[in-house]
Each structure stands twice: as C-alpha cells, then as structure tokens.
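> Sharing a model prediction with you, sequence too.
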Amino acid sequence: MISRILIWVLCVHLAGIYLFTKGFLLTRLALPDRSADACTSLTTHKRAVLLVIDAFRFDFIAEHPPVPASPFHHHILTLPRELTAAHPDISFIFNAYSDPPTTTLQRLKGITTGSLPTFVDAGENFGGSSIHEDSIIHQLNAAGRKIALAGDDTWLTLFPDAFQRNMTFAFDSFNVEDLHTVDQGVIDNLLPLMRYHQNSWHFAISHGLGVDHAGHRVGPDHPVLREKLEQMNTLLQDVVAAMNDDTLLVMLGDHGMDKMEAILPMITFPDASVPHRHVQQIDLVPTISLLLGLPIPFNNLGTVIRELFNRDSDAQIRRYLDAYRSSSSGKELDAAWNDLSVAWGDINAIHGHHRFIALDNFTRLALSACRVLWAQLNVFLMGAGMAVIGLSIVTGWALYSKIRGYLTHVMLHEYLDGVAMHQTVLFAAAISSSFAMVATTRPMITLKSIKSLPIFLILHTLCFASNSFTVWEDRIVLFFLVVPSVITGFTAPTSRLRYRILGFSALFDICARLMAMSAVCREEQHSYCTVTFYASESSSAPPLTSLFLAFPVAIVAPRVVRRILKISKSDSGLAATFLPLLFAPSLIAGTMFWMLGWLDSAQVLEDMGDVLRVTRTVLARTTAAVMLIGGLSVWWTSPVCLAISKSQSSEVSAQERTEVTLLGFANAFGSPYLMFWLIFFSVVWLMTQFSGQIVLGLSAVALLSFLEIIDSVRDVHSLNNAFTSPTPSSTLDLSFSDIVPLALPATHTYHSTGHQSTSSSTQWESAFILDKTLSFPFSHVSVALNTFGPFLLGALVVPLIVLWNLPPLPRPRPRPNALRAALALSLYFAVLAFGAAACGAVLRRHLMVWKIFAPRYLSAGSGLLVVDVGVLVGVGVGVGRVAGEIGRVFGRGA
C-alpha cells in the first residue's frame, strides 16, 4: 500500500511535468519543401572546404585580445589575420552571432539549414535525430556534388546518407578525455584528399574537437590548449597550401568556449575586405550556397553577406514565409504578417542604395518574427500541467495530514480540442485520481495547519518570480539554512540535552557555511562571484585545496559516521564490518579515480595516459559494482546493527548473575537504514569531482547532526509532556518544518557540487567515469547521478528523520511515519516545481525566459522526479526491509 501511494505520486508528478513541458517547450514546424532555383551562372567557386574548429573563440585570432592576454590561447593561431593583412581583397574575418542553444548539434543544424533550432533541440545533443528539411548538404547531393567528411561523427547523425563512403572518416565526438584522435584523424584524411584527390570531391568538411575537449578538460588557460591551437594553425597552413584558386575556404567555430558563454565564434571568409563585422551565423548558408551555385535552402532565414556576394536572399525568404503561412501552423504568422508585407512592399518601391537597406530590413524582420514565432507556447497544455502539479500538492498535503483510504482511478474520455488524445488521458487520469485521493482522505484545514506552513518554502518559491532572485538562488538558500530548534536548546530541561542541541546545531551551521565556499558562477553573476569549485573561472582543473583535502575527507568521513553511531552504541553488527571494509574503501577509491584523472590531464605521467585511463575505468566499475551488488547483498542479508554484551554483576546477597545488554537497541531502525543510505552515498561520491566530494562529506556530517538535533528536541518535548500531562503520548509527532532542513541542504549541495540551473554547468566529464567512450546507459546514468545526486541522497535520507534512535518498542509504526516524511519532502519539491512552472508561464514573454526561467523550471521538474524516485526506493525498499527484519528479530510486526 505504501509503495503504491508513492508510485501514484510519482506518476501524477510525471504527468504534470510532461503536460507543462509539452506546452512550454515547443518544437518548430520544419517545412519539407526544397528550393530548386539555382543560379549557376554566378558561381564563383567549384569546391569548398568547411573547416570547423569546435569551441573556437574570436579572441583566439584577434590582433588585440582582451587585457591581459593569455599566453595559452592568444597570439597562437595567427594565420587568419596574417592572410587578411596580406590579402585583404580575398580574406575576411568577422564575428558570427549564434542563436541559443549553443551546443554542437544545434549549431550544425543552423549552419546547414539556415534555420533556428529551438530550446527543446538541446536535449538531442546526446543522441540527435537526422535532418530531413532542406539544407546545403541536401542541395549538394541534389546537384550531384560529392561530399567528404573527416572529424566529428555528429555530422553522420544529422546526415546519415549524405557523404561518400570512401571519403567518410568519422570519430566519436563525446570522449572529452581524448584530445588527439579526432584532430589527428582530420589531419591524416583531409590533407591527402586536398593534395592528391582534388577532383574526387566538391565539398570537404573537417571538424576538429581537440580545442573543445581541452576546454572541457583543463580550461583555456593551460598549455594543452596552446598545443592544440598550434596544431590547428599548422593544419590551416597546410590546407591553404593545398588549395586551388577555385576552392573556397571557410573556417569557423560552431560555438565559443567560456564558462560565461560570452565569447562568440569566429569565421574567416575570402573575397571581402571589411574586417571584424558582426553577422548572424546562419548568414553563412545563403552566402555559401550562392558562391557554389546552389539553391538557397528553403527554410533559410539568413541574409547574404554583401561583402562576399552581391545578390539577395529575400525572394527565397518570402517564398518560405508564404509556404509557412499556408501550412497548418500558418495562423501563427498573423500577428507579424502586416509588418512583413509592408517591409516587402518597401523593397519593390525603393531603388538604388536604399534598396539594399530595405532588403536587410525585410530579412532581419523575418528572422525576428520567426524567433518570436517559435517561442509561441501552448497555454492550454501549460495550464493543464500546472493544474495537475497544483492538485498533486493539495493531494500530497491531504495524504501527509491523514494517511488512509485507497486509490480510485476514474478515466475521462472527453476530447479536448487542440490537444492529443494521450495528453487528454494523462490529464484526466491525474486530475480524477487526485480528486479521488483528496475525497478519500478528507483533510481538515485548520488555523494550526496554516500556521505550520514553512515560511522558507513560501519564500523559496516566490524567488522564481524574479530573474535576479532566481540567478542568486544559491546564495538565498544559504540564508534559509538555519535550524529553528536552537531556541529549544536554550530551554531544554537538562544540561545534556542543551549541549547536544546547541552543539549539533553549531556543527550543522558550520558545515553548511563551509559547503558554500565551493561555488560555480552563472554568467549573470559575473564580477560579483568567484569560482572556487575549479582552479579558476577559465579552468576545469580542481583547485589545489581540493587536491589536498579530498583524501583526508574520504578517510575521516567513515570515522565520523561511526562516531555518531557510537552515541547510541549502534556501531556493532553490520556497521562494524560495513564501514571499514566496504564504505571506507569505496570513498578512497572514488577519490583515487579523480586523482588519476588529474595526473593524466596535468601530464604528470606523460607516457602512461592509456594505462591511467584503463586503470580509472576498472577502478570505477569495480567500486560501483562492489557497492551496488556486494554492498546491497550484504545489507539485504543481515541489515541489523545489534550486538549482545554480557557482564557479571553481584547483588547484596553476594550472589553473582549474568547481565545481558543488547547494544544498538535504541537505534535499531535508524542504524541499518543509514547503512542502506551510505551505499548510494558512495556511488554519488564516485560520480562527483574533488571539490564536490569534500562538499558531500560536509553534507553527510550536517545531515547526521540534524538527525541528532531532531532526536534531542523530541526528548525535550517528551520530558516536558511527562511533567505537564498525566497521560503523555508516545506517538511520533512529525512536523512539516522538520523536513525543511532536509530539503534545503539538497538544493544547497546541488549548487556547492558545481551545478547551476544552466546547461553550461553540466559536468560532461562524468559521462566517461564508467567507460572511456560514450556508452548507454553508463554515460547517461553517471551524468544524471553527478547532476542530481544531491537530490537523490536528500530523498533517500528522509526516512531517517523518523527512524533515527527509534527503538523496537510495541507499535513503533516506522513505515507509515516514513511515508509521511517522504510525502512531506515530495510536497516541498512539488511546490518548488509548481512555482517555477507558474512563474515561467506568467513571465513567458520576459526577455530572460529561455536563459533563466525555462532552465530553472527544467531543473525543478527534474529534481522533483528524482526526489519521487528516491523516496520510493527509500521507503519501499529500505524501510520495508529494515522494518521486516527488526520485526522478525524481536518477534513483532513493525
């Protein structure tokens, strides 16, 4: 019954998040039409080389880079500016603006189709789908041109059948630890094609990844990046030397490389003389198409770069807009159609130089209109999702207040216009079952229940209504992290309880503040935030303090856990063997994994890179297998942490007798569940980098301190009730405010382990912990655990709030109380998800909706689902097994 309730909560939350997301993050309509009007008489080049250097920044080739100039990436790749200075009539350098999302797959879509990828497309970067709309690659194939490829295999994902099989040399794109294979593959295969097989291809694509991988692994301020830029400069020299006069060379970066995402990619282009002008990155598509005598792709929104080709793309854009308006989604253009018609009329009415201005105005107006168009939201689906999440909050509160009744499923089959049938079914099922649950529990709304609403939850949710507060959420959460039980500590009836409450409260507060010393900064926090999670803002290496402290923390953490268990004498039984033989070695192995990675990236052992990589993979897989398979098996076999102590005592009559003491009785439920939690803690530890491991260690101490605080506060209340009430109650009084100090540390740990609600903070290095290449499901699971591990641990630890120091007395009721605690934590994160969704919906026309509010909603929704899964595993598996075993040992139902 308990597991069914939690599964139902998970399904309802999943339905609400799915419905809102489908309405909030829409994909655009890609028209299947193909352009056919080529102007071959104006062709200027017979073939072209597209040289893509992944994550190549404009300042890497700038003559006057930002001050102070870096010796590792400035004034190294100098050939582009040398060529422009020597041949200003045939060489052109400019900055290209790329629309978000700025991931490789989405930018390749943009520079081949001339269209705008949507926010949802960013999720395809791990496994994108092929492009079926018109593109320059399709036009090359239609014209019988042969295309060669050397480098990033993302091109094969997008165009699986476009390249000549005997001229396709694709390499894995996600192995960020491999700095050389892809680049060397480009050099070994592109140059022979250009030198010895000029007539066998018409369009050659080379896409190097070494610069990008160096940025991910060590950051731009590192000698490794200097080596990669020198290698690219040499490659460019060889390419230029092998070119014929009829070959067009385009060199660009698909996106920038910067922790703050503030540097735009650069492009070098021949046949123009104006340096460093800013253009749209998608302007490449019509320009290259015309230079090669190809039709401009039908969905293109880019403008021909006039310095390179004196012809317009306005007619093609007009045809595209006409076709889009006549499609099923054409009514979306109604609001902007009048302005577009006026701008088109101005083109036909103006002649001379002013006509070019009118043409630019029309194409840019079309681009702006489509940017707004593809941000159109389905308000009905958003409302349906918010209704489901909102009602789930009411239902969660009802279940938390009064656990009773069974689930009732009522299916509605009413068709709702504009929404798919399966979405209607999801909405109806979630809403009707929620109403049934509320009707079954019949919660009582009283003044006391209203007063019990935690003020920190309300303030935390209201933060999402402001872009500034959302940006600075990591600092705001720290202010919320206070333990209200400190006041009880001053009024405790015994000195022991006073010292325990005040001492552990101080320890909790110290750990929380020390965790805050580890931080990564959002772009919006620039100049008011210092990166401490990494060695510097432009580095991916760990700081020296983390290198020195990681192993001591890994060694001390198990000792601290055992010292806390020793307070209740529950460090016996399973704990006596699990902590020193499984838990402690797993933490040391997890830290050793990242230490070997640092030795490899720092090139301390230059000739042992392959050996270190194999050693790391074996170490990570062994550690994960031992803890998840071996640790869980040992725990499941005998989870109790009890021991029997015998001693001889003599009475006054001098008769001796044997006294038997059961050690660990007072914490019979809490200590075995803690062993269960530590198994998952060790796996998350393995997936977390040096600085994050230190933060995890501090968070574990803080959580254990809070459990001791709650236990001491309950002792205070029990003593007070014993003195004031003739019939004191022995039932556990779980307050919602007791859950808040467990919910807030999860969010605080998420930020302190190097994460923000931005895609740029994702630590992609974790995808290669269990394997040296991208592999399913290892890479996906490791990235998920690295990112959302703090929420998982926070959800798994919540049953301890009712199990900690709970003896197996008659009618302990651990499972119902654990269910209430789990529902309370799920309710907390459901309110956050609802607040993020509501603020995103209300502020959907805000300038920062896709940069701030949408990522925060995605983070809140993902966090809620992880919490739901965590409490389901914790209560359904952990508490169920512990309660069953304790009941068997003591011969009573638990």
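Sure, I can see it.

> counting residues per helix, which one in the chain is longest?
helix 690-724 (DSSP state H).

> so after that one, what's the next helix or strand?
Counting by DSSP states H and E, the next helix or strand C-terminal to helix 690-724 is helix 740-752.

> Give me the distance between the two termini of stretch 798-809.
Distance between the two ends of stretch 798-809: 21 Å, counting by Cα to Cα, to the nearest Å.

> got the buried residues for the longest helix of the chain?
For helix 690-724, the buried set under the neighbour-count rule, 16 or more other Cβ atoms under 10 Å, comprises 690-716. Backbone N, C-alpha and C define where each C-beta goes, glycine included.

> Would you quantify the distance from the residue nearest the centre of the chain to Phe174?
Residue closest to the mean C-alpha point of the chain, counted by Cα atoms, centre = their mean, is Thr762 at 4.9 Å. Distance, Thr762 to Phe174, using Cβ to Cβ, to the nearest Å: 12 Å.

> go on, Ser3?
Going from Ser3 to Phe174 by Cβ to Cβ gives 37 Å.

> Next: Pro80.
Plainly put, Pro80 is 28 Å away from Phe174 if you go by Cβ to Cβ.

> can you list the weak-confidence ranges in the stretch 701-850 of the chain?
Low-confidence segments of the stretch 701-850 of the chain (pLDDT under 70): 723, 725-733, 810-812, 845, 847.

> Show me the strands in the protein, by range?
Using DSSP state E, the strands found in the chain span residues 47-53, 92-97, 147-152, 168-171, 203-208, 247-252, 266-269, 277-280, 643-650, 656-663.

> Quick one: closest of those strands to Cys11.
Smallest distance to Cys11 across those (Cβ to Cβ): 39.1 Å, for strand 147-152.

> Just checking: what are the partner strands of the closest one?
When sheet partners are counted by DSSP bridges, strand 147-152 sits next to strand 168-171 (parallel), strand 203-208 (parallel).

> now that strand, how far from the centre of its chain.
Computed by Cα atoms, centre = their mean, to the nearest Å, the separation of strand 147-152 from the middle of its chain amounts to 30 Å.

> Same check on stretch 492-500?
Distance, stretch centre to chain centre, for stretch 492-500: 43 Å (Cα atoms, centre = their mean).

> Can you list the neighbours in contact with it?
Residues from elsewhere that reach stretch 492-500, judged by Cβ atoms under 8 Å, 6 or more residues apart in numbering: 489-490, 501, 708-709, 712, 715-716, 719-720, 723.

> tell me which of those residues is nearest to Thr461?
Among the contacts of stretch 492-500, Ile709 lies closest to Thr461 (Cβ to Cβ), at 25.1 Å.

> isn't that closest one right next to Phe504, touching?
Yes: using Cβ atoms under 8 Å, Ile709 makes contact with Phe504 at a distance of 4.8 Å.

> show me where pLDDT drops low in the stretch 401-550 of the chain?
Residues of the stretch 401-550 of the chain that meet the criterion pLDDT under 70 lie in 402-425, 440-453, 483-485.

> where's Tyr673 relative to Ser401, distance?
Distance from Tyr673 to Ser401, counting by Cβ to Cβ: 25 Å.

> out of the two, which sits in the more crowded spot?
More crowded of Tyr673 and Ser401, by other Cβ atoms under 10 Å: Tyr673, with 29 against 18.

> Buried residues in stretch 223-231, which are they?
In stretch 223-231, counting by 16+ other Cβ under 10 Å, buried: 224-229, 231.

> Now do the helices in the stretch 301-450 of the chain.
For the stretch 301-450 of the chain, applying DSSP state H, counting those that start in this stretch gives helices covering 314-325, 334-349, 353-373, 379-401, 421-441, 447-451.

> what do you get for the stretch 551-700 of the chain?
574-578, 584-601, 609-625, 632-637, 670-686, 690-724.

> Show me which positions of the third one end up buried.
So that's helix 609-625. Neighbour-count burial for helix 609-625 flags 609, 612-613, 616-617, 619-620, 623-624 (criterion: 16+ other Cβ under 10 Å).

> Give the rounded mean pLDDT of that helix.
Across helix 609-625, pLDDT averages out at 90.

> what's the angle from it to helix 670-686?
Relative orientation of helix 609-625 and helix 670-686, computed by axes from the mean of the first three to the mean of the last three Cα atoms, to 10 degrees: 160 degrees.

> Which elements pack onto helix 609-625?
Counting contacts by 3 or more Cβ pairs under 8 Å, 6 or more residues apart in numbering; DSSP states H and E, helix 609-625 is packed against helix 584-601, helix 670-686.

> Go again with 10 Å.
Helix 609-625 sits against helix 584-601, helix 670-686, helix 778-797, with contacts defined as 3 or more Cβ pairs under 10 Å, 6 or more residues apart in numbering; DSSP states H and E.

> Any chance of a markdown table for these, columns distance to Pro543?
A markdown table is the format used below for those (distance: least, Cβ to Cβ, whole Å):
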| stretch | distance to Pro543 |
| --- | --- |
| helix 584-601 | 11 |
| helix 670-686 | 18 |
| helix 778-797 | 18 |
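
> if we can go back for a sec, other SSEs contacting the longest helix of the chain?
Counting by 3+ Cβ pairs under 10 Å, 6+ apart, the packing neighbours recorded for helix 690-724 are helix 486-490, helix 495-515, helix 544-567, helix 584-601, helix 670-686, helix 740-752, helix 778-797, helix 800-803.

> can you tell me which of those helices comes nearest to Tyr324?
helix 778-797 (35.4 Å).

> picking up where we left off before, Ser3 and Phe174: which is more packed in?
Neighbour comparison, Ser3 and Phe174: the larger count goes to Phe174, with 20 against 15 (by other Cβ under 10 Å).

> I'd say that one and Ser779 touch.
Yes: assessed by Cβ atoms under 10 Å, Phe174 is found in contact with Ser779 at 7.4 Å.

> and for the two, which residues touch both?
Here Phe174 and Ser779 share the contacting residues 126, 764, 767-768, 773, scored by Cβ atoms under 10 Å, 6 or more residues apart in numbering.

> So which of those are in helices?
Going by DSSP H, the helices hold none of the shared contacts of Phe174 and Ser779.

> ok, back up a step: among the helices of the stretch 551-700 of the chain, which is nearest Pro65?
When those are compared by Cβ to Cβ, helix 584-601 sits nearest Pro65, at 24.7 Å.

> quick one: that closest one to helix 609-625, angle?
On the basis of the same axes, to 10 degrees, helix 584-601 is oriented at 160 degrees to helix 609-625.

> Buried residues, stretch 193-200. List them.
Here stretch 193-200 shows 193-194 as buried, counting by 16+ other Cβ under 10 Å.

> so who does the closest residue to Phe72 other than its chain neighbours touch?
Distances taken as Cβ to Cβ, 6 or more residues apart in numbering place Arg226 nearest to Phe72, at 4.7 Å, with adjacent residues excluded. Listed by Cβ under 10 Å, 6+ apart, the contact partners of Arg226 are 70-74, 76-77, 214, 220.

> Check Arg815 too.
Shown in contact with Arg815 (Cβ under 10 Å, 6+ apart): 1-3, 799, 802-803, 875-876, 879-880, 882-884, 894.

> most neighbours per residue, which of the helices of the stretch 301-450 of the chain?
For these, the largest average neighbour count (mean count of other Cβ atoms under 10 Å) is found in helix 379-401, namely a mean of 21.

> Since that was my last question, I'll sign off now.
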